[in-house]
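Student: okay, predicted coordinates and the sequence, questions at the end:
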Amino acid sequence: MVVLNRIYTKTGDDGTTALGSGERRAKYDLRIAAYGTVDETNAAIGVARLYTQDAPELDAMLGRIQNDLFDLGADLAVPERDGKAERLRVVASQVERLERDIDALNDKLAPLTSFVLPGGTPAAAHLHVARTICRRAERVMVELAARPGEPVGAAGIQYMNRLSDFLFVASRAANRNGAGDVLWVPGQNR
């Protein structure tokens, strides 16, 4: 259980922050950027959920995802190190559940005839914003994983890759199962 009695600690006043392991890193460190961008994705989903109350199945999926994103933040905040006790990690079953949710939503969608522009209902528009933030988080995580001595769990990267797909499909579901999608018209304004 997490207990937060005091919100400000002043320990970050020097431009550093602590990982879950206690190690201090600069606030611009790529690992901090990775879990910070995961947190940003979570916040964007929270805003989208303001508009999904009339879609309880979708809203429940988004609620589970928000919890998973906290798991992923915890995973990234404590890098795996040899000889250290395991901490909370994103696991394959979370990725698999996300895939099942994508399939369940996608089964109800009208086929696409063009690329979809971000828009439509407020829920769909916010889900598109969350999708683009999610893609950025994934890119930061992949860059971090490519650095020597900066382990990132494969399931976490897979989760973010699937999540961007989920958010795309969810945006279409929020647009009356694709009927309200705003489609790209190539060269329309020439």
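Tutor: Looks like it came in fine. Residues are numbered from 1 along each chain as shown.
Student: for the rest of this, base every contact and every neighbour count on C-alpha atoms.
Tutor: OK.
Student: pull out the buried positions in stretch 101-117.
Tutor: Buried residues in stretch 101-117, counted by 16 or more other C-alpha atoms under 10 Å: 101, 102, 105, 106, 109, 116.
Student: now, those that are in strands?
Tutor: Those of the buried residues of stretch 101-117 mapping onto strands are residue 116, per DSSP state E.
Student: out of the buried residues of stretch 101-117, flag the one nearest to residue 20.
Tutor: Nearest to residue 20 among these is residue 101, at 30.4 Å by C-alpha to C-alpha.
Student: what residues are up against residue 169?
Tutor: Residues in contact with residue 169 (C-alpha atoms under 8 Å, 6 or more residues apart in numbering) are 102, 105, 106.
Student: can you rerun that using 6 Å?
Tutor: Applying C-alpha atoms under 6 Å, 6 or more residues apart in numbering, we find residue 169 in contact with no residue.
Student: so it, which of the three states?
Tutor: Put simply, residue 169 is helix when judged by DSSP: H, G, I helix; E, B strand; the rest coil.
Student: how near is it to residue 175?
Tutor: According to C-alpha to C-alpha, to the nearest Å, residue 169 and residue 175 sit 10 Å apart.
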